[in-house]
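Participant: A structural model of the following input is requested.
(one chain, ligands or ions: 2)
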Amino acid sequence: MDILKVKNVSKIYSYRSKKVLAVDNISFEVKRGEIVGLLGPNGAGKTTTVKMIASLIEPTSGDIFIDGKNIRSDKKHTLRKVAAVLESNRNIYWVLTPRQNIDFFANAWGFSTGSIRNYREELLEKFNLLEVADKPVMKLSRGMQQKVAVCCALIRKAPLLLLDEPALGLDVMTTNELKNTLRDIAKNDGNAILLTSHNMKVVQDICDRVIIIKKGKIIADDKVSNLIDMFSANFFKVVFKNGNINFDFLNGIKVLKSYDQEENRAVEFELQDEDALYELLEVIRRSGGKLISIEKIQPDLEEVFIRFVAGG
Ligand SMILES: Nc1ncnc2c1ncn2[C@@H]1O[C@H](COP(=O)(O)OP(=O)(O)O)[C@@H](O)[C@H]1O
Ligand SMILES: [Mg+2]
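Facilitator: Ligands and ions are numbered 1, 2, ... in the order given. Alright, predicted model coming up:
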């Protein structure tokens, strides 16, 4: 059974006399062990979606099922099965140490310190926090604080972990560490993870699947690799020498990148009309350039995302 099922869920915020349709009839499922990324521009409705799943706000319409149970009918069940980290580093206690924070949250959920000790130490080790485990959290870097917040959520071993923008404000190294640890946790502990991000690299590297959301609507839901494949047929890189040619004006060609490669010029582009490829080769020839190579390239998730969000 899916650990999470979101069915025709909408959320309208009403304030003063205004109404904002933040989430517009979305449906999706998440299985155990899966890491799913909710990706979208600012204001797309990611945080609202996560808050509804965590039972922090109520959907205006639609239903959410956690491990088969509707959260409207059994809130206790939901709260036990879902751990959420929103505004990562804000919800832990800055005067307490990482060990104390983890114990505190475990106790608050009814677990004795003795019963969680081993898992606590395991998490501190996995997240590379052993060395700072007895220092007040306020003395730690933002990245470390965010990792402590994730540990505090994981200690309950809830089967569904929700992370809102876990990589926000983290440096590349900490982000990589977080990515590896989350993958490890999904794989070995069988937890499902739903995380939001507007960072394509984070989603591409850690998620099995990505749901792209725009203006409250789901516009794509697929494996990351499938989405990339879907567009890869049309992405090319051409390398030539001599002649400084501008392809921007060519119909059917959308230039993505243009750069020097040793003494040659490389241009990466999306081909929107097959005939344009011949046109492009002709332009190079006519301007006295010499074609060195032409190859298909893999777009990254960022390019796929831009196509989806800009186009539809
Ligand atoms: N508490 C609120 N009251 C009114 N509007 C809100 C509230 N929270 C979010 N919104 C609006 O709902 C939309 C979605 O917001 P949000 O879920 O925070 O998007 P994201 O997390 O993708 O950036 C935005 O237009 C935002 O301004
Ligand atoms: Mg948000």
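
Participant: tell me which residues in stretch 264-272 are buried?
Facilitator: Buried residues in stretch 264-272, counted by 16 or more other Cβ atoms under 10 Å: 265, 266, 267, 268, 269, 270, 271. No exception for glycine: its C-beta is placed from N, CA and C like everyone else's.

Participant: should've said stretch 233-240
Facilitator: Neighbour count says stretch 233-240 has 234, 235, 236, 237, 238, 239, 240 buried, by 16+ other Cβ under 10 Å.

Participant: again with stretch 95-115
Facilitator: Under 16+ other Cβ under 10 Å, the buried positions of stretch 95-115 are 96-106, 109, 111.

Participant: same deal with stretch 26-34?
Facilitator: 26, 28, 30, 32, 33, 34.

Participant: out of the residues you listed, which are close to ligand 2?
Facilitator: Here nothing survives when the buried residues of stretch 26-34 are matched to ligand 2 using Cβ under 5 Å from the ion.

Participant: pLDDT and distance to ligand 1 added to the buried residues of stretch 233-240, as TSV?
Facilitator: Converted to TSV, the buried residues of stretch 233-240 look like this (pLDDT from 0 to 100; distance: Cβ to the nearest ligand atom, whole Å):
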residue	pLDDT	distance to ligand 1
234	82	28
235	85	27
236	89	33
237	90	33
238	91	37
239	92	39
240	92	42
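
Participant: filter the residues you listed down to just the ones in strands.
Facilitator: 235, 236, 237, 238, 239, 240 (DSSP state E).

Participant: the spatially closest residue to the fifth one that is not a sequence neighbour: which element?
Facilitator: With Cβ to Cβ, 6 or more residues apart in numbering as the criterion, residue 239 has its nearest non-adjacent residue at 4.3 Å, and that residue is residue 292. In this structure, residue 292 is located in strand 290-296 according to DSSP states H and E.

Participant: near ligand 2, which residues of the chain show up?
Facilitator: Residues of the chain lying near ligand 2 by Cβ under 5 Å from the ion: 46, 47.

Participant: per the record, what domains does the chain have?
Facilitator: What automatic domain parsing lists as the domains of the chain is 4-223, 233-310.

Participant: who touches the lengthiest helix in the chain?
Facilitator: As assigned by DSSP state H, the longest helix anywhere in the chain is helix 172-188. For helix 172-188, contacts defined as Cβ atoms under 8 Å, 6 or more residues apart in numbering pick out 33-35, 126-128, 141, 143-144, 146-147, 150, 154, 161, 163, 166-167, 170, 191-193, 195, 202, 205-206.

Participant: and these, which of them are buried?
Facilitator: 33-35, 126-127, 143-144, 146-147, 150, 154, 161, 163, 166-167, 170, 191-193, 195, 202, 205-206.

Participant: among those, which are located in helices?
Facilitator: Using DSSP H, 126, 143, 144, 146, 147, 150, 154, 202, 205, 206 are the members of the buried ones among the contacts of helix 172-188 that sit in helices.

Participant: what's the closest of those residues to ligand 2?
Facilitator: Ranked by distance to ligand 2 (Cβ to the ion), those are led by residue 202 at 13.9 Å.
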